[in-house]
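Asker: here is a sequence with its predicted model. Questions after.
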Amino acid sequence: MRSLRSAWTGGRLHDLLGVRYPVVQGPFGGGLSSVDLVTAVADAGGLGSFGAHHLRPDQITRLVADLRRGTGQPFAVNLWVPQDGERSAGLTEADYERHVARIRPYLRELDLRDPSYPDVAPGAGPDFESQATALLAAGPPVFSFVMGVPTRAVLDEARRRGIVTIGTATTVAEAVTLAGAGVDAVVASGSDAGGHRGAFLRPVEESLVGTFSLLPQVVDAVQIPVIAAGGIADARGIVAALALGADAVQIGTGFLVTAESAASAAHKAALHGPEAQTTVLTRTFTGRLARGIPNRFLREMSRFDADLPPYPIQDALTRHLRRTANRTGRSDYVHLWAGQAAPLTTPLTARDYLATLVADTEKRL
Ligand SMILES: Cc1cc2nc3c(=O)[nH]c(=O)nc-3n(C[C@H](O)[C@H](O)[C@H](O)COP(=O)(O)O)c2cc1C
């Protein structure tokens with residue numbers, strides 16, 4: 001059996017990527033990643049990741065160039081694989097009116113107009129195929145993804161270009177599917193994790209497995225390296241994940257509070273507020289289940305839970321509201337994504353946070 005120390009210093013992620021420490025800074029989609037965060041983590045010996053699912057192909061091309069200029073070390077760029085029906089979900093004018101009417105009071109409080117029908121209709125955002133084409137052409141060292149499995153053509157092209165692929169599983173069956181498709185490593189994402197759930201084989205409510213239960217089962221089921229995600233924020237979590245067989249950890253919320261993340265000051269403060277001790281899963285903000293800190297918008301809108309439009313319609317409906325509220329520090333209207341370990345995080349620079357994780361882990365090992 002491998003020792004925990006050898007898993008930490010010379011494990012399979014080290015072999016695959018050449019990173020010094022088996023610590024992945026989880027990607028943040030929707031504008032919360034930053035080039036500074038990714039390059040700081042990469043330079044400090046971890047794998048930095050940028051969540052790019054909201055970007056147009058030309059923006060992805062520029063992003064990869066910026067990241068490459070910013071660091072000589074490996075980094076990952078992350079996309080969301082589209083799920084069935086996502087770009088073709090119907091939205092009648094009557095549905096549009098009904099859904100807008102519910103958020104209108106909040107829009108008016110911030111002096112905002114209604115979002116237009118074309119902005120909200122499915123298919124308005126960048127499509128995955130053109131994002132993936134731009135990403136593969138730009139050639140980041142690592143392409144990570146969530147919500148599904150890219151086509152064989154995309155995975156083959158990544159391999160041809162020498163780009164390492166990392167998929168995300170929320171169940172054992174998803175991990176087996178990703179391994180079978182030929183991805184190089186898999187994130188086992190427990191339901192403790194912050195942000196959106198990436199279930200793609202079964203309904204998300206039937207795919208909520210906690211990290212401590214999911215991780216060893218995924219380790220037993222696949223041969224590829226397994227990266228543990230969800231609820232890990234300090235050295236105790238890292239050592240526990242290694243003991244359960246992980247090759248590496250992916251930390252999201254812990255890096256969200258660091259100085260370099262693009263989360264607002266209000267979001268970072270909320271991560272250490274009393275409500276962060278009991279995060280919830282909600283569809284309110286985007287139409288897709290995600291873990292965050294309850295606030296006024298989430299609580300008041302929960303009465304419409306049974307009749308919310310799916311992702312990406314609800315995401316587009318509330319986007320302007322959330323962006324404006326975020327800019328103006330109104331945390332009551334913003335998705336305060338957070339994992340269950342939020343209270344364990346420390347507001348440091350990314351370099352200092354990673355250095356603390358490394359020193360404390362080495363002490364414990
Ligand atoms: C604000 C936020 C945004 C996220 N966006 C993405 C994303 O776009 N793609 C992805 O694969 N994971 C995303 N995640 C998941 C993280 O990368 C990571 O796996 C997760 O946060 C780990 O659990 P933790 O929050 O308990 O550390 C996001 C997480 C957060 C908190």
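Answerer: All right, it came through fine.

Asker: in this structure, what residue comes closest to the ligand?
Answerer: Using C-beta to the nearest ligand atom, the single residue of the chain nearest to the ligand is residue 252, 1.8 Å away. Bear in mind the C-beta positions are built from the backbone N, C-alpha and C, glycine included.

Asker: was I right to think that residue contacts residue 32?
Answerer: No: with contact defined as C-beta atoms under 8 Å, residue 252 does not count as touching residue 32 (9.6 Å).

Asker: chain neighbours aside, what residue packs nearest to residue 210?
Answerer: Leaving out its chain neighbours, the residue that sits closest to residue 210 by C-beta to C-beta, 6 or more residues apart in numbering is residue 190, at 5.0 Å.

Asker: counting neighbours, go ahead and name the busier of residue 252 and residue 32.
Answerer: residue 252 (30 against 22; other C-beta atoms under 10 Å).

Asker: list the contacts for that one?
Answerer: The contact partners of residue 252, by C-beta atoms under 8 Å, 6 or more residues apart in numbering, come to 25, 26, 28, 193, 194, 195, 229, 339.

Asker: returning to what we had before: and the gap between the residue nearest to residue 210 and residue 168?
Answerer: 11 Å (C-beta to C-beta, to the nearest Å).

Asker: need the residues touching each of those two.
Answerer: Common neighbours of residue 190 and residue 168, counting by C-beta under 8 Å, 6+ apart, are residue 229.

Asker: which one of these two has more residues nearby?
Answerer: Taking neighbours as other C-beta under 10 Å, residue 190 and residue 168 compare with residue 168 leading, 30 against 24.

Asker: which strand residues bridge that one?
Answerer: According to DSSP bridges, the partner residues bridging residue 168 are residue 187.

Asker: which parts of the stretch 251-365 of the chain are helices?
Answerer: Assigned helices in the stretch 251-365 of the chain, in chain order: 253-256, 265-270, 296-301, 313-327, 350-364 (criterion: DSSP state H, counting those that start in this stretch).

Asker: redo those as CSV? Include mean pLDDT and mean neighbour count.
Answerer: Formatted as CSV, the helices of the stretch 251-365 of the chain follow (pLDDT from 0 to 100; neighbours: other C-beta atoms under 10 Å):
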stretch, mean pLDDT, mean neighbour count
helix 253-256, 98, 29
helix 265-270, 96, 18
helix 296-301, 97, 17
helix 313-327, 94, 20
helix 350-364, 98, 18
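
Asker: what residues does the stretch 251-365 of the chain put near the ligand?
Answerer: Listed as neighbours of the ligand in the stretch 251-365 of the chain under the rule C-beta under 6 Å from any ligand atom: 251, 252, 253, 254, 256, 337, 339, 341.

Asker: which one of the residues you listed is nearest residue 362?
Answerer: Set against residue 362, the nearest of these by C-beta to C-beta is residue 251 (16.6 Å).

Asker: hmm, back to that, any idea how far the residue of the chain closest to the ligand is from residue 225?
Answerer: Distance from residue 252 to residue 225, by C-beta to C-beta: 18 Å.

Asker: could you do residue 319 as well?
Answerer: In terms of C-beta to C-beta, residue 319 sits 35 Å off from residue 225.

Asker: can you map out the helices along the stretch 101-250 of the chain?
Answerer: Along the stretch 101-250 of the chain, the stretches classed as helices by DSSP H, counting those that start in this stretch are 117-120, 128-138, 152-160, 172-180, 211-221, 235-243.

Asker: of all those helices, which one comes closest to residue 280?
Answerer: helix 211-221 (17.3 Å).

Asker: let me know the average pLDDT across that closest one.
Answerer: Mean pLDDT, helix 211-221: 98.

Asker: now that helix against helix 172-180, angle please.
Answerer: Interaxial angle, helix 211-221 versus helix 172-180 (axes from the mean of the first three to the mean of the last three C-alpha atoms, to 10 degrees): 40 degrees.

Asker: for helix 211-221, buried residues please.
Answerer: Within helix 211-221, the residues scored as buried using 16 or more other C-beta atoms under 10 Å are 211, 214, 215, 216, 217, 218, 219, 221.

Asker: now those as CSV including distance to the ligand?
Answerer: Listed next are those as CSV, based on distance: C-beta to the nearest ligand atom, whole Å:
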residue, distance to the ligand
211, 8
214, 12
215, 12
216, 17
217, 18
218, 14
219, 17
221, 19
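
Asker: so what's residue 320 up against?
Answerer: Per C-beta under 8 Å, 6+ apart, neighbours of residue 320: 107, 112, 115.

Asker: hmm, 6 Å instead?
Answerer: For residue 320, the contacting residues are 112, 115, by C-beta atoms under 6 Å, 6 or more residues apart in numbering.

Asker: that one and residue 107: what is the separation?
Answerer: Distance, residue 320 to residue 107, by C-beta to C-beta: 8 Å.
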